[in-house]
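S.K.: Predicted model follows, preceded by the sequence.
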Amino acid sequence: MTHVLVVDDDPVIADLVAFRLGRMGLEVSVERDGEAGLAAARQLRPDLVVLDWMMPRMNGLEVCRALREDDDAGLARTPVLLLTAKAQEPDLERGFAAGATDFVAKPFSTRELVSRVTAALPPGSVVA
Amino acid sequence: MNVPLAPVLLAGAAVTGLVVVLLCAVATAHLLRGRRRARDVQRKRELTPLVHALLDDDPADGAPRADVVGAHADLDAIVLELLPQLRGTDRQVLRQVLAERGVVPRAVADLSARKSWRRGRAVTLLGSAAGTDHLAAMAALLDDRSPEVRCAAARALGKAGDPAAVAPLLRATRGGTGLPHGVVGMALLDLGAAALPALRDALTASRGNARELVAELLGVHGDASATAALEGLLRDAAEDLPVRRAAATALGRIGSPTSTEPLVAALTNSPDHRLQRAAAEALGRVGDPVATVPLLAGLAAPDVAVRSVCADALARLGGEGRTALQEVAGGTGAAAPVARAALDELLAGPRRPEPAGAR
């Protein structure tokens, strides 16, 4: 089953994203800060990480960079979708430079999120 | 001295009894509060998926919607918490839910409540929940007798997202009871790019404080369509200085090479040091090497802050500006220290992005 890791310190958003991705037939894990998110990514080896930018302990860019520099080549290639209020042009540059695969700007649309998650995963990953 | 034993014992027992009763009361209150909190958490846990499922519904598939009208009042809090995080169809769905549950009509009625906290709460809720409806009623609270309600109304108008709020928001900056620029500015920014045409119109239609704020906001938006109008304001020597300064800063943020000429003129001809600084900083942002010579001349300005900003601007101009700055830094004139400081900052500080026009 395709596994998505959602890392967001706002439970309102994390729960909604988890619910919506769950309805797509994906297995979803949720973490509330960057450090826990990175640890979970190393342990769970998800197929996709949906990552907030501004988080306590480790921010989303730091997590993204750490993933890209991970010794595990598979984990280093994991698609990362930044779900963030920081989506101005310079933010996009910094995000992509850190290794983000794509962005979803907050306030966000769940329909857009679903489309971008589907596009970031390998074909056939989404069954519902 | 002999004290009778019985009254002492009785008093002791009474005090102990009182303490025990108090402790029991505190423990009971604590227990009840804990149970209430647990019940609230449980209810939220049950209601949240209901709201999530509403967002998941495809309006086209004809499936029956979850019963939102009869759900517990806590559902409103969940919806209001989610609303600012979402946009598009999701936001419409949640607004519809609040309308169906009567939250919006109740808030509209509360706009004229006697207590100011109720008016403030009502207008805040309408800003999140009602979209562009009730704009006039919300805007009327910009003249409320309570300053807190006036601020709440401004924020709510920003959240509501209707560009028609630009004019009443700018009017609210006028007069002795006018709203703080920060509050109105944030509200106008919340309106997003949709407000740009109205802001451009306001640049010529407004006066004084409001015009200064509009110039500032057009710069924050980086609105290239406003370049000519802002250049006109900067050139106009009869215009208020704060407006001209805001125009210069905005032109720097927009970054069009056409602005180099009026910015150079402001730097060279204005007797106002603050306008000179704004112009020099903007020239650095625009990054047109044509500004090298006037910025070099600015290094001889009597005001040390102007000299410093000119040196920083030269450092941002790319190779040509930096070479000129190095020559000055190697000399012994009054400009040498600021030139050295700018070069040191360039080497030691965080890398500054190259301006668009730097070659």
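M.R.: It's in.
S.K.: In contact with the residue nearest to the spatial centre of chain A, which residues are there?
M.R.: Residue closest to the average C-alpha location in chain A (C-alpha atoms, centre = their mean): A:Val50, at 1.4 Å. Applying C-beta atoms under 8 Å, 6 or more residues apart in numbering or on different chains, we find A:Val50 in contact with A:Val4, A:Leu5, A:Val6, A:Val7, A:Asp8, A:Val17, A:Leu21, A:Leu81, A:Leu83, A:Leu113, A:Val117. Using the backbone N, CA and C atoms, a C-beta is placed for each residue, glycine as well.
S.K.: Counting neighbours, what do you get for the fourth one?
M.R.: Just to be clear, that refers to A:Val7. 27 (other C-beta atoms under 10 Å in any protein chain shown).
S.K.: isn't B:Leu251 right up against B:Ser259?
M.R.: Yes. The criterion here is C-beta atoms under 8 Å, and B:Leu251 meets it with B:Ser259 at 4.1 Å.
S.K.: okay, and the common contacts of the two?
M.R.: Common neighbours of B:Leu251 and B:Ser259, counting by C-beta under 8 Å, 6+ apart, are B:Thr227, B:Leu230, B:Glu231, B:Leu234, B:Ala282, B:Val286.
S.K.: and B:Leu23, how many neighbours?
M.R.: Neighbours around B:Leu23, by other C-beta under 10 Å: 10.
S.K.: cool, and B:Arg101?
M.R.: For B:Arg101, using other C-beta under 10 Å, the count is 18.
S.K.: Check the nearest residue to it once chain neighbours are set aside and give its pLDDT.
M.R.: Nearest residue to B:Arg101 in three dimensions, chain neighbours excluded: B:Val69, at 5.9 Å (C-beta to C-beta, 6 or more residues apart in numbering or on different chains). Listed pLDDT for B:Val69 reads 76.
S.K.: Neighbours of B:Val69, how many?
M.R.: Neighbours of B:Val69 (other C-beta under 10 Å): 10.
S.K.: Give me the below-cutoff pLDDT ranges for chain A.
M.R.: Along chain A, the parts satisfying pLDDT under 70 run over A:127-128.
S.K.: how about the residues of it that lie near chain B?
M.R.: A:10, A:12-13, A:15-16, A:19-20, A:23, A:90, A:106-112 (C-beta under 8 Å from any C-beta of the partner chain).
S.K.: from these, which single one is nearest B:Ser112?
M.R.: B:Ser112 has its nearest neighbour among those in A:Pro107, at 30.2 Å by C-beta to C-beta.
S.K.: Number of residues surrounding the spatially closest residue to that closest one that is not a sequence neighbour?
M.R.: Among residues not flanking A:Pro107 along the chain, B:Arg87 sits closest, at 4.3 Å (C-beta to C-beta, 6+ apart). By the criterion of other C-beta under 10 Å, B:Arg87 has 17 neighbours.
S.K.: Next up, the contacts around B:Arg87.
M.R.: Applying C-beta under 8 Å, 6+ apart to B:Arg87 gives the contacts A:Pro107, A:Phe108, A:Ser109.
S.K.: Make TSV out of these and add secondary structure.
M.R.: Listed next are the contacts of B:Arg87 as TSV, based on DSSP: H, G, I helix; E, B strand; the rest coil:
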residue	secondary structure
A:Pro107	coil
A:Phe108	strand
A:Ser109	coil
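S.K.: so which of these comes closest to B:Val108?
M.R.: Once C-beta to C-beta is applied, the member of the contacts of B:Arg87 that ends up nearest B:Val108 is A:Pro107, at 24.0 Å.
S.K.: measure that closest one to B:Ala246 for me?
M.R.: Remark: distance between A:Pro107 and B:Ala246 (C-beta to C-beta, to the nearest Å) = 29 Å.
S.K.: now do B:Leu263
M.R.: Going from B:Leu263 to B:Ala246 by C-beta to C-beta gives 13 Å.
S.K.: neighbour count winner among the two?
M.R.: B:Leu263 (28 against 24).
S.K.: Correct me if wrong: the more buried one contacts B:Ala282.
M.R.: Yes. Using C-beta under 8 Å, B:Leu263 is in contact with B:Ala282, at 5.2 Å.
S.K.: Give the intersection of the neighbour lists for those two.
M.R.: In contact with both B:Leu263 and B:Ala282: B:Ala248, B:Leu251, B:Gly252, using C-beta under 8 Å, 6+ apart.
S.K.: Helix or strand: which one has B:Val123?
M.R.: For B:Val123, the host element (DSSP states H and E) is helix B:116-129.
S.K.: Against which helices or strands is that helix packed?
M.R.: Here helix B:116-129 touches helix B:74-82, helix B:88-100, helix B:103-110, helix B:135-140, helix B:147-160, going by 3 or more C-beta pairs under 8 Å, 6 or more residues apart in numbering or on different chains; DSSP states H and E.
S.K.: Get me the contact residues on the stretch 51-200 of chain B for chain A.
M.R.: B:52, B:55-56, B:81-82, B:84-91.
S.K.: Pick out the most distant pair among those residues.
M.R.: Checking those with C-beta to C-beta, the most distant pair is B:Asp56 and B:Pro84, at 19.5 Å.
S.K.: Settle it for me: which of the two has more neighbours?
M.R.: The neighbour comparison of B:Asp56 against B:Pro84 (other C-beta under 10 Å) goes to B:Asp56, with 17 against 14.
S.K.: hmm, back to that, most surrounded residue in the residues of chain A next to chain B?
M.R.: A:Leu16 (26 neighbours).
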